[in-house]
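In: Here's my sequence, what's the structure:
(one chain, ligands or ions: 2)
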Amino acid sequence: MGAGPSGRGRGLFSVGETTARVLKSNIDVRFADVAGCEEARLEIMEFVNFLKNPKQYQDLGAKIPKILGATLTGPPGTGKTLLAKAAAGEASVPFITVNGSEFLEMFVSVGPARTLCGFPIRVHDMFTMARKNAPCILFIDEIDAIGRKRGRGHFGGQSEQENTLNQMPVEMDGFNSATNVVVLAGTNRPDILDPALIRPGRFDCQIYIGLPDIKGRSSIFKVHLRPLKLHESLRKDTLVRKLAALTPGFTGADISIVCNEAALIAAWHLSPSVQEKHFEQAIERVIRGLEKKTQVLQPREKTTVAYHEAGQAVVGWFLEHADPLLKVSIIPWGKGLGSVQYLLRERHLYTREQLFDCMCMMLGGRVAEQLCFGQVTGGAQDDLRKVTQSAYAQIVQFGMSEKLGQVSFNFPRQGKALVEKLYSEATAQLIDEEVRRLISAAYTCTLDLLTRCWEHAEKVGQRLPEKEVLEKADLVELLGPRPFAEKSTYEEFVEGTGGLEEDISLSAGLKCWNRGQEEGDVEQPVQGSSCSRW
Ligand code: ADP
Ligand code: MG
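Out: Ligands and ions are numbered 1, 2, ... in the order given. The predicted structure is shown next:
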């Protein structure tokens, strides 16, 4: 069928044609191309085995589940699509892929003739095609586009979406254990999926692929370094570890961009091979987006930005639990005017002290402006947003407020009725008070610290407009060594996590069988991005 993007008909005649693309069985992606998500990979392997050796199960008297359905969830760029593809590659079966958003697009463009007996025919077509090509893997990417929870808003396209959604379980229930089709669905919003889809017998296995940890990242780097021509002085093992330590918070997709970008930079400089500095530049580029060298800041603005960044840098330097600094810059990039780039620690659990110090660091910019100029600018908006988010999370979710006690509520989400709020008006008021108290405590602490170390902030604030970027070494020169021990190498980061080898940790993937997704956003502690922007 192969109706690729260009062949996607928009007229009436295209009704009945699905946008699903069959990629024939010669898919060249293998499990070896997917790294850093060991457990998810093991999970998927089980499915592959069902497809490859059904007899092995039948011989033992085991019943193969009627439907082999799983959702792959996790942040964008963590390799969900890649893993599904690799599964097809390993099983040497056809891989049929369709994007959830394509369904809706078709409905909007095709008009009223789009349904057959009230059902959108596309879902049906897609499943028919899968049956015809069995054994195969049907991958529905971005399933949240059609699989949103029903019962909210009924305008035009919405009911169309409901039809699509209604049809899915109907089709899936029509499968039997001989169908031999694995249906995988990818989404980064599992929380909004309709419960009908994740009931047992449908997409009842949820495979989560989170951000890779440092070991995961170094294995992913290994995969993406394969095609590159590295400088002969570089040892791959050492290089991947170094790069992994420099890229906390990066996804697999970011890493693949870094590797490609490094090669592009090397080529641009007519270098015969890719060197370490090219990787460093590539990482910086991915973190910061492209620098806007042309944007002209008025001298006064430049000074303000410099003091703002200096404030954050100095607060981070002298607070024990703040993340280690890498560099401070006032070169505008993206939407931001300056940045403090720091190394996010590999952490899953934040203590109250760590969260508090992070808040103080964020507030450092505004406090510095206040101290230096006696007035503040709107440049701290993004910092304040992060501070507020973190404070709310501490009080409402992590149960860190003594007054409120050991409770955890979901954040009310946009568009959600207030009825779902689990607490009383009085509690809501207490929450607001506690949040304000926490933020103002952080503000006082920051003000106090910066007032004490003001000469340091001055030094950085005056040096920044001259040099534009201050590396860690410059900061050590200006401020003296940081008074707290810091981790920066791969070995230090992975110490005590069971060997130095990459990717032996199984923490990257989690599964939960037969369990509906829990209500509410899965809010991570506010880690910010690796840069705090203006
Ligand atoms: P998702 O579907 O989760 O948004 P993709 O599978 O589309 O992410 O990933 C995009 C690209 O990023 C892949 O083609 C691959 O090059 C790279 N990538 C992402 N995750 C990984 C990983 N775990 N291992 C190797 N490469 C990865
Ligand atoms: Mg994808």
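In: So what's the residue count around the residue of the stretch 151-300 of the chain found nearest ligand 2?
Out: Residue nearest to ligand 2 within the stretch 151-300 of the chain: Gly186 (5.1 Å; C-beta to the ion). C-betas here are computed from N, CA, C, even on glycine. Neighbourhood size, Gly186 [other C-beta atoms under 10 Å]: 25.
In: now swap in Ser101 and tell me
Out: Ser101, neighbours per other C-beta under 10 Å, totals 14.
In: Make 734 the starting number, not 1.
Out: Got it, first residue is 734 now, which makes that one Ser834.
In: what helix or strand does the closest residue to it other than its chain neighbours sit in?
Out: Take Ser834 and drop its neighbours on the chain: the residue closest to it by C-beta to C-beta, 6 or more residues apart in numbering is Ala878, 4.2 Å away. Secondary structure assignment for Ala878, by DSSP states H and E: helix 877-880.
In: Name the residues of stretch 1000-1012 that are buried.
Out: 1007-1009, 1011-1012 (16 or more other C-beta atoms under 10 Å).
In: what do you get for stretch 989-1000?
Out: 989-992, 994-996, 998-999.
In: So Gly949 belongs to a strand, correct?
Out: No - Gly949 sits outside any strand when classified using DSSP: H, G, I helix; E, B strand; the rest coil, being helix.
In: and it, how many neighbours does it have?
Out: So Gly949, with other C-beta under 10 Å, has 27 neighbours.
In: where does the residue nearest to it when sequence neighbours are not counted land in three-state SS?
Out: Nearest non-adjacent residue to Gly949, counting by C-beta to C-beta, 6+ apart: Gly769, 2.8 Å away. Of the three states, Gly769 takes coil under three-state DSSP.
In: Which elements pack onto the top helix by length along the chain?
Out: Taking DSSP state H as the criterion, the chain has its longest helix at helix 1158-1185. Secondary-structure packing of helix 1158-1185 (3 or more C-beta pairs under 8 Å, 6 or more residues apart in numbering; DSSP states H and E): helix 1032-1051, helix 1085-1106, helix 1114-1125.
In: who are the neighbours in contact with the residue nearest to Gln1103 when sequence neighbours are not counted?
Out: Nearest non-adjacent residue to Gln1103, counting by C-beta to C-beta, 6+ apart: Val1109, 5.6 Å away. For Val1109, the contacting residues are 1099, 1102-1103, by C-beta atoms under 8 Å, 6 or more residues apart in numbering.
In: Write the ChimeraX selection for whichever of those are buried.
Out: Applying 16+ other C-beta under 10 Å to these, the buried members can be selected in ChimeraX as follows:
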select :1099,1102,1103
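In: Sort out which one of the contacts of Val1109 lies nearest ligand 1 for me.
Out: Nearest to ligand 1 among those is Arg1099, at 35.3 Å by C-beta to the nearest ligand atom.
In: how much space between that closest one and Phe1131?
Out: Distance, Arg1099 to Phe1131, using C-beta to C-beta, to the nearest Å: 24 Å.
In: Same check on Leu1183?
Out: From Leu1183 to Phe1131 the distance is 27 Å (C-beta to C-beta).
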